[in-house]
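J.: Predicted model, plus sequence, below.
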Amino acid sequence: MTHAAVIGGGSWGTALAKVLADKGEPVRLWARDHAHVAQMRETHENGRYLPGIRLPDNLVATHDLGHAIHGASLVLIVVPSHTLRENVRAMRELGLPAGVPIVSATKGIENESLQLMSEVLEAELPTSFHGQLAYLSGPSFAKEVARGQPAAIVLASHHEKLAEELMGRFSSERMRAYANTDVVGIEVGGALKNVIAIAAGICDGMQLGNNARAALITRGLAEIARVAAVKGGNALTLAGLAGLGDLVLTCTGEASRNRTVGFELGKGRALADVLAGMTQVAEGVRTAKSARDLSLKLGVDMPITHEVYAVLYEDKPVARVVSDLMTRALSREW
């Protein structure tokens, strides 16, 4: 039986690898760090990111990227957004398999190019591979998925048949997958929700109340939808799992790394101190810069995003952020 290759041994990559393995698929899970791989092989758990959750015997960790992808019937990429390009180049040089689905579960906007992850993949892979590409998103904390708690995701591809095929491959009694063809909407929603989650965390850290948080999430969704529409996506996609669903989860869930960053900033801690205490990447920190730059490039009004950028990169006091957002010029809602 051919295997699924999961590229990225963090919490989300491991959780998705376990979803596939629990369905009976042999899985090779690639991680960069040799010691991390050795620990997973010896203990059958990802002690660094998902301690206490046993991994199936048909899920095998490896630090050999070529071994992970050779002969794979599915390649699932789950790496930090700022490493996606280098990892795709490495896989391409090692012989990325042709004719099999290549699914990205990475969310973000590249700082230098301002490209979505889908645009990075299309730029780095030959045109002959583009028909294999799909994107996984939706409200899904890794630990809950790994524990087998119910969750729903969405799989998007420009090719509807591929999205539907993958929908079946990832679905189980505990994981419900939906298909979509709006790649831009899925990608924009998955990336920008992390920025809004930092703002929501600041709101909670400052104890501004439920009314303020609800307003912030809603207006954040409006910013996300505007970007998606300008880039050719369908704003209705943002009412779905990769938009509203992921946004609400990331803005309110205590396991959200991005909300945690904002929460600590709202309490008055310095960003460097917050990040120093984290073991995993909070994608919203990098994405805030690229989202702000993209909004200027596209001419899209994104006041919340701009304020998050100002807090992270210009040391703007959070109290001033609240004042500036609340006293902006009045306007129609839509």
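T.: Great, that's in hand.

J.: now Arg48: how far from Asn87?
T.: From Arg48 over to Asn87 the distance is 19 Å, taken as CB to CB, to the nearest Å. The way it works is simple: take the backbone N, C-alpha and C, and place the C-beta from them, glycine included.

J.: And Ala151, by the same measure?
T.: Per CB to CB, Ala151 is found 25 Å from Asn87.

J.: again, but for Arg320
T.: For Arg320 relative to Asn87 (CB to CB), the value is 39 Å.

J.: Thr260 now?
T.: According to CB to CB, Thr260 stands 26 Å off from Asn87.

J.: likewise Trp334?
T.: Between Trp334 and Asn87 the computed distance is 39 Å (CB to CB).

J.: out of these two, which sits in the busier spot?
T.: Neighbours per residue, other CB atoms under 10 Å: of Trp334 and Asn87, the larger number sits with Asn87, 19 against 6.

J.: Could I get the pLDDT score of the more buried one?
T.: For Asn87, the pLDDT comes out at 98.

J.: Surely it is in contact with Trp30?
T.: No: contact between Asn87 and Trp30 fails when scored by CB atoms under 8 Å: they sit 9.1 Å apart.

J.: so what sits against both of these two?
T.: Ile7 (CB atoms under 8 Å, 6 or more residues apart in numbering).

J.: Secondary structure element holding Ala222?
T.: helix 210-230 (DSSP states H and E).

J.: next one: Ala5
T.: Using DSSP H and E, Ala5 maps to strand 3-7.

J.: Equivalent analysis for Ala163, please.
T.: helix 160-170.

J.: and that helix, how far from the chain's centre?
T.: Offset of helix 160-170 from its chain centre (CA atoms, centre = their mean, to the nearest Å): 19 Å.

J.: so it versus strand 3-7, what angle?
T.: Helix 160-170 runs at 90 degrees relative to strand 3-7, counting by axes from the mean of the first three to the mean of the last three CA atoms, to 10 degrees.

J.: average pLDDT for helix 160-170?
T.: 97.

J.: Stretch 192-206 now?
T.: 97.

J.: likewise stretch 210-223?
T.: Averaging pLDDT along stretch 210-223 gives 97.

J.: what comes into contact with that stretch?
T.: By CB under 8 Å, 6+ apart, stretch 210-223 touches 192-193, 195-196, 199-200, 203-204, 238, 243-244, 247-248, 251-252, 300-305, 333-334.
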